[in-house]
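# Output the structure for:
(chains A and B)
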Amino acid sequence: MSSPVPPPTVPTPLVPQSAGGASVATPAPARSSSQSQSGGNLGTFGVKSGLAQMLKGGVIMDVVNAEQARIAEEAGACAVMALERVPADIRKEGGVARMSDPKMIKEIQNAVTIPVMAKVRIGHIVEAQILQAIGIDYIDESEVLTPADDEHHLNKHNYKVPFVCGARDLGEALRRISEGAAMIRTKGEAGTGNVVEAVRHQRAVMGQIRKASVMSEEELFTFAKEIQAPYHLVKETARLKRLPVVNFAAGGIATPADAALMMQLGCDGVFVGSGIFHSGDPAKRARAIVQAVTHYNNPKILAEVSEDLGPAMVGLTIDDELKGGRLAARGH
Amino acid sequence: MGVGGMSVTVGILALQGAFVEHEAALQRLDRKIEVVLVKTPEDLEKCDALIIPGGESTTIALLARLSGLMDPLKKFVSERPVWGTCAGAILLSQTVENTKKGGQEVLGGMSIGIARNGWGSQIESFEADLTVSGLKDPENPFRGVFIRAPVVIELKPAANDPPVEVVASLSPELLPPALSAPDHSNEPKTFVALRQGLHFLTTFHPELTRDDRFHEYFVRECVLPRHSPKG
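As a prediction, this is how the structure comes out:
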């Protein structure tokens, strides 16, 4: 497999590159950048998408308390996702799943030095304001929580904190980017330990990008209409031959081999939710998945790190009987 | 053989983080550079110089240890030019503050003390124009992208060390309030690009811009002077 195409530098999709490329374009106005007297800009799209670029080749792990966060950090996680219940437990217990208690999130922030992410319900403007106020590093506007708004996603340009959103195909990914998401992940089917949906979503995105990359302008206009995505983002994606922001795998990844599979399919990194702390030996499995993402093209190392990890989380078949239903169908 | 002289191989440590961006920047330079993405000790042996990219320094250090690269990297740093950006700058420092519990392994190489994550959480990340000495088109400011950036705490060259040279510094009012006491003792905290001998460090991310002048600078000032023909 060839090495991945470099992601765009700075805010490519939203800001045209200057033809000479000599200096960086300042991100478009009307985003939430605040200008200080000495010319420093906070919360630009460049620093939002830039943090995602720093997370590439890494593993972001779901944790429910400070102790798990420390285990994740020691195992080499590049960030942790703080939440009250991992998706497998949300499925099992049911009920409305909401943003976590800020006190619990702060305890996790105090326990580790790596970036801390947290989830808000789709469209919940105020949960996002609260997480920004406590200085979270990244917000996941996530279908794993119960949606607060079944028609509108957040206007993510309105926040200084960056957002990641799930997507099942190219149109959904580009709609989220158009709303201000600085990072995309597959939706997969969270809490199942079953990678099939994440594979389906990643293959859909990459297949559509490959098709778009050979289209004429006329065809691109029609394609943008078909996939319900803004034309300028479709065109930019076709030019780059990849999504214009970083794209991680998520939803059902349970083993080092699953993680490496998603990397070989073109993902930039991996989220692991229930797969680590619902397994027999979380510290060992976490470390093995971290190594698998770095060495995803080296079967010899993958074989070594896959050895003797103890039981993986119990996987679920994804069908109409699936307890908790299909989370990926939330949001469009 | 590259155009205009012998070919030079620059490695980019590719364990985690933004290494592909550095690769693209090196490939945009006029001078032909051979690029190796370094994941194993064998990859490292091919390199005349190395870039350590941004990413999570704890993750990169752990992966270097698990991949058998930590000792080869320490040896490399003692012999050949290395440029660290952000997380890479932390790994090139002698001492680090604000580490995870239990501390963090570093490579050393530059006589400085650094603090991780000096500005606070991601919402304090920022962009700012920098005036840089020694770049091409010096009248053109360089747009520095600072993401959860580290802060230089002190320069501490020993008697026999090469001097530490300040290549770029930040306007003091951009420092976080906790660090911006107006006395002279805080001056190192404004330093965002430093050079010592053939090593180079930036606390920001030139690889996230389309401006390749820092990559050109590293090759011209650090890599080529050290480079001698192979074989």
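
# got the residues of the stretch 51-200 of chain A near chain B?
By C-beta under 8 Å from any C-beta of the partner chain, the residues of the stretch 51-200 of chain A that approach chain B are A:51, A:53-58, A:70, A:73-79, A:109, A:111-115, A:132, A:135-138, A:160-162. Where you see a C-beta, it was placed from the backbone N, CA and C, and this is true even at glycine.

# Just the strands from the chain, written as ranges.
Assuming you mean chain A. A:34-35, A:41-42, A:59-63, A:79-82, A:116-121, A:138-142, A:163-167, A:183-186, A:246-249, A:269-272 (DSSP state E).

# Let me rephrase: I mean chain B.
Using DSSP E, strands in chain B cover B:8-13, B:33-38, B:49-52, B:82-85, B:93-97, B:110-115, B:126-130, B:142-146, B:151-155, B:164-169, B:191-196, B:199-202.

# For those strands, give me a markdown table that also has distance to chain A.
Formatted as a markdown table, the strands of chain B follow (distance: least, C-beta to the nearest C-beta, whole Å):
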| stretch | distance to chain A |
| --- | --- |
| strand B:8-13 | 11 |
| strand B:33-38 | 7 |
| strand B:49-52 | 13 |
| strand B:82-85 | 10 |
| strand B:93-97 | 10 |
| strand B:110-115 | 11 |
| strand B:126-130 | 4 |
| strand B:142-146 | 4 |
| strand B:151-155 | 14 |
| strand B:164-169 | 12 |
| strand B:191-196 | 12 |
| strand B:199-202 | 14 |
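
# Can you say which of those strands is packed in most?
Ranked by mean neighbour count, those are led by strand B:82-85 with a mean of 29 (mean count of other C-beta atoms under 10 Å in any protein chain shown).

# Compare the strands of chain A and say which comes out lowest on pLDDT.
With a mean of 42, strand A:34-35 has the lowest mean pLDDT of those.

# Longest helix in chain A, by number of residues?
The longest helix of chain A (DSSP state H) is helix A:196-213.

# Report the mean per-residue pLDDT for that helix.
98.

# Not counting its own residues, what contacts that helix?
A:167-171, A:173, A:186-189, A:220, A:223, A:227, A:234, A:237-239, A:241-243, A:247, A:249-253, A:261-262, A:265-267, A:318, A:328 (C-beta atoms under 8 Å, 6 or more residues apart in numbering or on different chains).

# Where does the stretch 201-332 of chain A get nearest to chain B, which residue?
Residue nearest to chain B within the stretch 201-332 of chain A: residue A:294 (5.2 Å; C-beta to the nearest C-beta).

# can you map out the helices along the stretch 101-250 of chain A?
In the stretch 101-250 of chain A, the helices defined using DSSP state H, counting those that start in this stretch lie at A:102-111, A:125-133, A:170-178, A:196-213, A:217-226, A:231-240.

# Adding mean neighbour count, write those helices out as CSV.
Shown next, in CSV, are the helices of the stretch 101-250 of chain A (neighbours: other C-beta atoms under 10 Å in any protein chain shown):
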stretch, mean neighbour count
helix A:102-111, 17
helix A:125-133, 17
helix A:170-178, 24
helix A:196-213, 19
helix A:217-226, 14
helix A:231-240, 19
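
# Next, format those helices as TSV and append distance to residue B:89.
Below are these laid out as TSV (distance: least, C-beta to C-beta, whole Å):
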stretch	distance to residue B:89
helix A:102-111	23
helix A:125-133	28
helix A:170-178	30
helix A:196-213	33
helix A:217-226	41
helix A:231-240	29
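
# follow-up on the earlier one: redo the strands of chain A as a markdown table? Include distance to residue B:79.
Formatted as a markdown table, the strands of chain A follow (distance: least, C-beta to C-beta, whole Å):
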| stretch | distance to residue B:79 |
| --- | --- |
| strand A:34-35 | 45 |
| strand A:41-42 | 40 |
| strand A:59-63 | 32 |
| strand A:79-82 | 34 |
| strand A:116-121 | 38 |
| strand A:138-142 | 38 |
| strand A:163-167 | 41 |
| strand A:183-186 | 38 |
| strand A:246-249 | 34 |
| strand A:269-272 | 32 |
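
# does the most centrally placed residue in chain B have beta-bridge partners, and which?
Taking C-alpha atoms, centre = their mean, the centroid of chain B lies closest to residue B:84, which sits 1.9 Å from it. Beta bridges link residue B:84 to residue B:52, residue B:201 when assigned by DSSP bridges.

# For stretch A:275-285, measure first residue to last.
9 Å (C-alpha to C-alpha, to the nearest Å).

# show me where pLDDT drops low in the chain?
No chain was given, so I picked chain A. A:1-40 (pLDDT under 70).

# think we crossed wires, I meant chain B
Across chain B, the ranges flagged by pLDDT under 70 are B:1-5, B:177-186, B:227-231.

# at 90 instead, please
B:1-7, B:98, B:101-104, B:118-120, B:131, B:133-134, B:138-139, B:158-159, B:171-188, B:225-231 (pLDDT under 90).

# ranges for the helices of it?
Going by DSSP H, chain B shows helices at B:19-28, B:41-45, B:57-66, B:70-79, B:87-92, B:213-217, B:224-226.
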